[in-house]
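Engineer: sequence unavailable; structure follows:
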């Protein structure tokens, strides 16, 4: 027995001659019902709908066929079910070969007359997908869509992140008679409906400003909202030990200066800036755009209520709690008991309250005072002008061994 795994490409019209010959010689052909119905009938050939690898293997072993074929949409090497089937066949030492077909990425690139060699290839077909992180990689991003992740929902997420102006191309029913190519913006595509067999291409986002933590204060749009100073922001990033893929909460985000720094550090992760004041919310969005921190999401509302729908954080910074620090810490620890926590305090009362909150939850807080002075020229001398001292209280529950 030799099992042949065949990529149909788009329609049977895109089959390679080698794949067509294998199908004509096969005693039984297995695959999704939609694919089987697209194949021309062959006298005496059995066909059975099966998509799960275990079900396909059972049909193959039960058929006793010498030349069974299994058909897959697109290319067998591009997010295909062929991967799982090959694993099972090889575990049983069953002879098998793969005949690839045209992938949807090739078909769309051909329709557009563009090379696809630099595209970032992503699957959003029934799996979690972060389109913002994908387009922040510096190259156009191609998405296989499906289930709840439609071209519209992916474009809506991009639009909410401030990337609605990016070019978006949707390829519907590629290679079929009702094929359609829609070229527009992400914002426009977010309001459209597309066929289930669709793929999406989005241009790369403008690249973020890249530098180490501690962006100069005057680089931010500030308005009349208090802002965490450069030296303190650098210390916060160090204390929280932000990693590229982290999910981070910034509660009481103010101007968004800390949020921006966190987003640039967690460039493959997500940062949620929680703020309820209208002026501050506007500043957060402006600073997000200024620095290209597209993975920063503004969450309008007061904590802890605004935290309910957020994903579990790896790290949490609390810059303002409005008296709800205990509830904020509880919300974070409930979603991730090992979250890294950092609270800033200027008033001694806030410092005392934060120490009590951590102690009541069995957390041994590390308290650091930052007293920064900056030199200002005056006549022939440079005088040090002190900023308000700031306390950073950091804690993390030790993971069980």
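Structural biologist: Okay, I see it. Quick caveat: nothing in here was measured; it's all calculated off a predicted structure. Numbers count the residues shown, from 1 in each chain.
Engineer: residue 204: how many residues sit nearby?
Structural biologist: 18 (other CB atoms under 10 Å). Just so you know, the C-beta spots here come from the backbone N, C-alpha and C atoms, and that holds for glycine as well.
Engineer: quick one: secondary structure of it?
Structural biologist: Following DSSP: H, G, I helix; E, B strand; the rest coil, the label given to residue 204 is coil.
Engineer: please begin residue numbering at 57 from this point
Structural biologist: All right, first residue 57 from here; so that's residue 260.
Engineer: I'd say it and residue 193 touch.
Structural biologist: Yes: the criterion here is CB atoms under 8 Å, and residue 260 meets it with residue 193 at 7.2 Å.
Engineer: give me the residue at the spatial middle of the protein.
Structural biologist: Residue closest to the mean C-alpha point of the chain, counted by CA atoms, centre = their mean, is residue 186 at 2.0 Å.
Engineer: got the contact list for that residue?
Structural biologist: 326, 351 (CB atoms under 8 Å, 6 or more residues apart in numbering).
Engineer: what's the answer for residue 119, then?
Structural biologist: Contacts of residue 119 by CB under 8 Å, 6+ apart are 83-84, 102.
Engineer: now the helices for the stretch 57-206 of the chain?
Structural biologist: 73-81, 89-94, 109-119, 138-147, 160-168, 187-191 (DSSP state H, counting those that start in this stretch).
Engineer: by neighbours, which of the contacts of residue 119 wins?
Structural biologist: residue 84 (19 neighbours).
Engineer: with adjacent residues omitted, what lies nearest to that one?
Structural biologist: residue 102 (4.3 Å; CB to CB, 6 or more residues apart in numbering).
Engineer: point out the most buried one among the helices of the stretch 57-206 of the chain.
Structural biologist: Greatest average neighbour count among the helices of the stretch 57-206 of the chain goes to helix 187-191 (a mean of 24), per mean count of other CB atoms under 10 Å.
Engineer: show me what that helix is packed up against.
Structural biologist: strand 176-181, strand 197-202, helix 207-216, strand 254-258 (3 or more CB pairs under 8 Å, 6 or more residues apart in numbering; DSSP states H and E).
Engineer: which of the residues in the longest one are buried?
Structural biologist: Translated: helix 207-216. 207-215 (16 or more other CB atoms under 10 Å).
Engineer: got the helices and strands packed on helix 187-191 as CSV, with mean pLDDT columns?
Structural biologist: Listed next are these as CSV, based on pLDDT from 0 to 100:
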stretch, mean pLDDT
strand 176-181, 92
strand 197-202, 94
helix 207-216, 96
strand 254-258, 97
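Engineer: just give me the closest of the contacts of residue 119 to residue 230.
Structural biologist: residue 84 (28.1 Å; CB to CB).
Engineer: what about that closest one, distance to residue 58?
Structural biologist: 13 Å (CB to CB, to the nearest Å).
Engineer: who touches stretch 399-415?
Structural biologist: 284, 288, 292, 373-375, 377, 381-382, 385, 397, 420-421, 423, 444-451.
Engineer: and if we set it to 10 Å?
Structural biologist: 282, 284, 288, 291-292, 307-308, 314, 372-377, 379, 381-386, 397, 419-423, 425-426, 444-451 (CB atoms under 10 Å, 6 or more residues apart in numbering).
Engineer: elements contacting the helix or strand in which residue 384 is found?
Structural biologist: Taking DSSP states H and E as the definition, residue 384 sits inside helix 381-391. Under the contact criterion of 3 or more CB pairs under 10 Å, 6 or more residues apart in numbering; DSSP states H and E, helix 381-391 touches strand 303-307, strand 371-374, strand 396-401, helix 404-416.
Engineer: if you set the cut-off to 7 Å instead, what comes out?
Structural biologist: strand 371-374, strand 396-401, helix 404-416 (3 or more CB pairs under 7 Å, 6 or more residues apart in numbering; DSSP states H and E).
Engineer: most tightly surrounded among those?
Structural biologist: Greatest burial across the helices and strands packed on helix 381-391, using mean count of other CB under 10 Å, falls to strand 371-374, with a mean of 28.
Engineer: list the pairing partners of it within its sheet, with orientation.
Structural biologist: Sheet pairing of strand 371-374 (DSSP bridges) gives strand 303-307 (parallel), strand 396-401 (parallel).
Engineer: how about those strands in a markdown table, adding mean pLDDT and distance to residue 431?
Structural biologist: Listed next are these as a markdown table, based on pLDDT from 0 to 100; distance: least, CB to CB, whole Å:
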| stretch | mean pLDDT | distance to residue 431 |
| --- | --- | --- |
| strand 303-307 | 97 | 30 |
| strand 396-401 | 95 | 24 |
